[in-house]
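# Got a predicted structure plus its sequence, pasted below:
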Amino acid sequence: MYFRQEIVLESLRHLDQVHPFFGIGFLVCKQHKLPVGKMISFGFGHEEEHFLREYYRPNLKSKYFFQPFRTSNTAARWLQPKYPHAGSQSTRTRGDIAEAFLHEKKTDKWGWQPSYVEVLSKKLQRDGSGRVPAFWLAVWLLRHVQWPENTAVKAVVRRFSKQFFLTRTELDQLFELTAPDVPGPLLTAERFDDAPLLRHVDPAPDAAPEEGGTLRTLSLSDVGPSRILEFNPAERLSIVTGDNGLGKTFLLECAWWSLTGTWAERPALPNMQNGNRPPSITFAIAGAAGRESPQKKTIQYDWQRHLWPEPRGRPTLPGLVVYARVDGSFAVWDPVRHALVPAGQRTSPTLLFKRDEVLNGLDGQIEGLIRDWVRWQNQKDQTPFRMFCNVLVKLSPPDMAPLKPGESVRLPNDARDIPTLEHDYAVVPFVNESAGVKRIVTFAYLLVWAWNEHRVFSSLAKKPPQTKMVILVDEVEAHLHPKWQRVVLPAILEVTGLLSREVEPQMIVATHSPLILASMESAFSDRHDKVFHLSLHDQSRVELNEVQFVKQGSVDAWLTSEIFELKQPRSSEGENALEDAKRLLAGSSTDVVRIRKAHEELKQVLPSEDPFWPRWLHFVETKGVPL
């Protein structure tokens, strides 16, 4: 049996205020039976380094040691390899802890002062941290030990005191021996592993960035239309709504930068009226392993150079990221390409494609939809083409036959083979397709192309493909008929499964369309999805708020919901006329002229079968107004 993971994590909280000496240097001395009242040759630094390697190295790939004890800076929890010979040496030769030792300077002669227990006890009192929690320190140090099934808290403390030769006096004056209330069972049959533990602490300074992350949080301070903006996207789908000019696209651009470290086009500008406050962007990327508290990174705007410094030393890199922008351009970021960029080389792993480049190619980066489509269709390995066809079927409009590639054709004054789509009414060259079909087919192509390139580069790097994929889509409904809008978002959610069964997407989409929200009524998950709304308050303050997804049933109801904020699901003239009529209904006015005017306006904007007419005509009749 082994300590439960939760018990070890709980020990971190209880050791947080303990001075590091009591969990490291003191125990090294006890383990090697440092004598009292006399000195012996003792390689303190060497023995402490060995001790740290045994008990304080949860990340075996790192040269750093993790200490869970008191520190003014959480980043200092990872001790440098030279710590036993530098930082710790300073602690035991200077200050009040040094008074507990007998030591000849510039020698390896060490021993305990006869009063060492009293000195260390006073140190604990001055620190105000109380005595060292013996049980919780034992949990940390003995977390890999196998225990008998019925082990009790007191038995853990006994083993700890015996293993480190603690005297009765030391236990009574330096340690808290009261058995704590342990939350839940103490032990489990599952062998303890430090890997899950590392998800709950900041990574070691020399740890390789974790790959396969998704955006956990994004905070903007004095950047864009908001003074402060907090965005905590959902695990699977985040839908961002709001009026024009309030920052939907801006939010996607900042999300892209947070994930990749590059801007898709123009950098975000800070608020020029912010006074002395430093504009900043703070973000956290959660790795595939799912650390509970991923490390946040804050980047402040550099006023002197008028730019955002590139985020460096990120503990987590995102998975494959694809950004479909509203102007038809695309951006792609691949973690495998990132790893292949040599240190110091200015080549960016980010691929930015204008709309024309997506279609016709860009030398050395992408062949383009027209060439790739024909090449995939005719090459021996049909994997990319089959994937492309399957994605097209899933994204097809509901009132047409599934989008199906036909045979390529030649067009006048064009040396290329041009791909086609087979419709019920004709075979249409792709270059002649409608704007809506072009956007969806291009989106399908970029997804398949990005995944196929990632798969190829992963194979070259001898690594498995990523399982996490982030997809950003601006105005997902652009160019689409309402019938297509009503199905496109649930279809995109399913598309990644056609790339690979293992792919877990995080999608962030911006939309103006109530049909997009209506389309999610049967697919929305309260656990995995969120809806956000940007709104203007007091004509001066933009706020982003998460709103509850409530099924509205009809598109009219979505239009009048808090997300789209229309008073009536009709023309602005109809809304004004109806609102004026409702005010008359609610009041006690018998002004014949006002009532007749309202009636004439209603006749202009309401159809004869509108359900408002019976109520209105009854009102007019009760007021005795001849029409």
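That came in fine, so what should we check first? Residues are numbered from 1 along each chain as shown.

# per-residue pLDDT, residue 502?
Here, the pLDDT recorded for residue 502 equals 84.

# list the contacts for it?
465, 467 (Cβ atoms under 8 Å, 6 or more residues apart in numbering). To be clear about C-beta, it is placed using only N, CA and C from the backbone, and glycine gets the same treatment.

# Doesn't it belong to a strand?
No: read with DSSP: H, G, I helix; E, B strand; the rest coil, residue 502 is coil and lies in no strand.

# Distance of it relative to residue 335?
Distance, residue 502 to residue 335, using Cβ to Cβ, to the nearest Å: 15 Å.

# Same check on residue 248?
Look at residue 248 and residue 335: by Cβ to Cβ, they are 27 Å apart.

# So between the two, which is more surrounded?
Taking neighbours as other Cβ atoms under 10 Å, residue 248 and residue 335 compare with residue 335 leading, 26 against 23.

# Would you mind giving both backbone torsions of that one?
Main-chain dihedrals, residue 335, degrees, to the nearest 10: phi -60, psi -30.

# In this structure, which strand is the longest?
strand 210-223 (DSSP state E).

# State the next helix or strand along the chain beyond that one.
strand 226-231 (DSSP states H and E).

# and that following strand, which residues are buried?
By neighbour count on 16 or more other Cβ atoms under 10 Å, the buried set for strand 226-231 is 226-227, 229, 231.

# ok, so of these, who is nearest residue 453?
Residue 453 lies nearest to residue 231 out of the buried residues of strand 226-231, by Cβ to Cβ, at 28.9 Å.

# Which residue ranges make up the domains of this protein?
Following automatic domain parsing, the chain resolves into domains at 2-198, 210-559, 572-622.

# just the helices in the stretch 51-200 of the chain please.
87-93, 116-127, 134-141, 153-163, 168-174, 194-198 (DSSP state H, counting those that start in this stretch).

# Can you tell me which of those is most buried?
helix 134-141 (a mean of 23; mean count of other Cβ atoms under 10 Å).

# what helices or strands is that one leaning on?
helix 5-14, helix 20-23, helix 153-163 (3 or more Cβ pairs under 8 Å, 6 or more residues apart in numbering; DSSP states H and E).

# cutoff 7 Å now
Applying 3 or more Cβ pairs under 7 Å, 6 or more residues apart in numbering; DSSP states H and E, one finds that helix 134-141 contacts helix 5-14, helix 153-163.

# quick one: contacts of it?
3, 7-8, 11, 14-15, 23, 55, 68, 153, 156-157, 160, 175-177, 179-180 (Cβ atoms under 7 Å, 6 or more residues apart in numbering).

# again, but for stretch 436-444
By Cβ under 7 Å, 6+ apart, stretch 436-444 touches 324, 328, 358, 369, 388, 391-392, 395, 403, 430, 478-481, 484.

# can we see that at 6 Å?
With Cβ atoms under 6 Å, 6 or more residues apart in numbering as the test, stretch 436-444 has contacts from 324, 358, 391-392, 395, 479-480.

# Out of those residues, who's the most crowded?
Neighbour max across the contacts of stretch 436-444 (other Cβ under 10 Å) = residue 391, 26 neighbours.

# In terms of helices and strands, where is that residue?
Here residue 391, judged by DSSP H and E, is contained in helix 383-395.

# Same question for residue 509.
strand 504-510.

# For the next helix or strand after that strand, give the mean pLDDT please.
Note on strand 504-510: by DSSP H and E, the next helix or strand toward the C-terminus is helix 514-519. The predicted model gives helix 514-519 an average pLDDT of 94.

# list the helices and strands helix 514-519 packs on?
helix 482-499, helix 555-559 (3 or more Cβ pairs under 6 Å, 6 or more residues apart in numbering; DSSP states H and E).

# helices or strands up against the helix or strand following it?
Later in the chain than helix 514-519, the nearest helix or strand by DSSP H and E is strand 529-537. Counting contacts by 3+ Cβ pairs under 6 Å, 6+ apart, strand 529-537 packs against strand 237-242, strand 541-547.

# Mind telling me which of the ones you listed the model trusts least?
Minimum mean pLDDT among the helices and strands packed on strand 529-537: strand 541-547, a mean of 90.

# For that strand, give me every contacting residue.
225-226, 229, 246, 530-537.

# try 10 Å this time
218, 220, 224-234, 238-243, 245-248, 250-251, 530-537, 561-563 (Cβ atoms under 10 Å, 6 or more residues apart in numbering).

# Compute the distance from the centre of it to the centre of its chain.
Relative to the chain's own centre, strand 541-547 is displaced by 19 Å; criterion: Cα atoms, centre = their mean, to the nearest Å.

# Ok, stretch 139-148 next?
The answer for stretch 139-148 is 34 Å, by Cα atoms, centre = their mean.

# what do you get for stretch 317-331?
Here stretch 317-331 shows a centroid-to-chain-centroid distance of 16 Å under the convention Cα atoms, centre = their mean.

# now stretch 308-317
The gap between where stretch 308-317 is centred and where its chain is centred comes out at 14 Å by Cα atoms, centre = their mean.

# what about that stretch, start to end distance?
When the termini of stretch 308-317 are compared using Cα to Cα, to the nearest Å, they are 19 Å apart.

# Next: stretch 203-219.
Start-to-end span of stretch 203-219 (Cα to Cα) is 21 Å.

# Could you tell me which residues within that stretch count as buried?
Result for stretch 203-219 [16+ other Cβ under 10 Å]: buried residues 203-204, 209-219.

# repeat for stretch 538-549
Those would be 542-544, 549, for stretch 538-549 by 16+ other Cβ under 10 Å.

# returning to that earlier point: the contacts of stretch 436-444 into TSV, with extra columns for pLDDT and distance to residue 145?
What follows is the contacts of stretch 436-444, written out as TSV (pLDDT from 0 to 100; distance: Cβ to Cβ, whole Å):
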residue	pLDDT	distance to residue 145
324	95	53
358	94	58
391	95	52
392	95	57
395	94	55
479	91	64
480	91	61
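
# closest to residue 306 among those?
Each of the contacts of stretch 436-444 was scored against residue 306 by Cβ to Cβ, and residue 324 proved nearest at 28.7 Å.
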